[in-house]
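Asker: No letters, just coordinates:
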């Protein structure tokens, strides 16, 4: 299997495959590349409807040039922790961002969320996000508003009264619960159509099936989220002198 970066010829083959409606796995097979390489290439360069080989090649060359340029004093991304492979971290960040985009998150929102995920503190200011991602404060603000509405980040003030954006275990829980509630709302709305369309009609039966399905999914997700939080997040770590088999007090639900 070939290694290294994609060539311009490979990008042209990707563009042709995307235009022909081929699955990423099939395009990757023809190139003898991992499917994740093709997926990441397309999603970071316009997506399936906007991918262009020449533009993708130019963007890659520009990114490579920017990485080789020394950052101005006082600017650039915050330094990585000692011992980390900067290139490996960057590649991982791009891979995870692509996955979030595949699941429906817009590109800028995915980049902001990922930047928060991989920061050791799990919290950054708008200025820090703008600097880290090399985007305008307005872009960060728009992304944060979207993520806040989805329950995926939390806003708070630090000791200098600066607004900070935080991701932690509880934020992930709240985001999952918000998704479950959205399913329950969909079920409720679908069920309203049963009486409107007339009980016993094919359309009403279809809507009732939809309502039951998404209602079951929503309730199951909410229960699973509660159980996961109790088991994974509410149990304190084993401390010095404490036996791992020692029984702990169950966590109190909020």
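Answerer: Thanks, I have it. Everything numeric here is computed off the predicted structure, so don't read it as measured data. Residues are numbered from 1 along each chain as shown.

Asker: nearest residue to residue 218 other than its sequence neighbours?
Answerer: Spatially, and ignoring its direct neighbours in sequence, residue 218 is nearest to residue 183 (3.2 Å; CB to CB, 6 or more residues apart in numbering). The way it works is simple: take the backbone N, C-alpha and C, and place the C-beta from them, glycine included.

Asker: Helices along this structure, start to end?
Answerer: Taking DSSP state H, the helices of the chain run over residues 8-19, 24-31, 35-43, 47-50, 53-68, 86-102, 107-118, 126-133, 137-149, 169-197, 202-228.

Asker: between the ones you listed, which gets the lowest average pLDDT?
Answerer: Among those, helix 53-68 has the lowest mean pLDDT, at a mean of 74.

Asker: So for the residue most central in space within the chain, what's the nearest residue that isn't a sequence neighbour?
Answerer: In the chain, the centroid-proximal residue (CA atoms, centre = their mean) is residue 100; its distance is 3.3 Å. Spatial nearest neighbour of residue 100, excluding adjacent residues (CB to CB, 6+ apart): residue 110 at 3.9 Å.

Asker: ditto for residue 60
Answerer: residue 5 (6.9 Å).

Asker: how many other residues sit next to the one you found?
Answerer: Applying other CB atoms under 10 Å, we find 9 residues neighbouring residue 5.

Asker: Begin at 8, not 1, for the rest of this chat.
Answerer: From this message on, residue numbering opens at 8, which makes the last subject residue 12.

Asker: Got the phi and psi for it?
Answerer: The phi/psi pair for residue 12 (degrees, to the nearest 10) reads phi -80, psi 160.

Asker: measure it to residue 209 for me?
Answerer: Distance, residue 12 to residue 209, using CB to CB, to the nearest Å: 54 Å.

Asker: same thing with residue 40?
Answerer: Using CB to CB, which is the criterion applied here, residue 40 is 47 Å from residue 209.

Asker: quick one, which of these two is more surrounded?
Answerer: Each of residue 40 and residue 209 has its neighbours counted (other CB under 10 Å); residue 40 has more, 20 against 9.

Asker: I'd say that one and residue 17 touch.
Answerer: Yes - using CB atoms under 8 Å, residue 40 is in contact with residue 17, at 7.4 Å.

Asker: if we compare the helices of the chain, which one ends up closest to residue 169?
Answerer: Nearest to residue 169, of all the helices of the chain, is helix 133-140, at 8.0 Å by CB to CB.

Asker: Now do the contacts for the residue nearest to residue 107.
Answerer: Residues in contact with residue 117 (CB atoms under 8 Å, 6 or more residues apart in numbering) are 104, 107-108.
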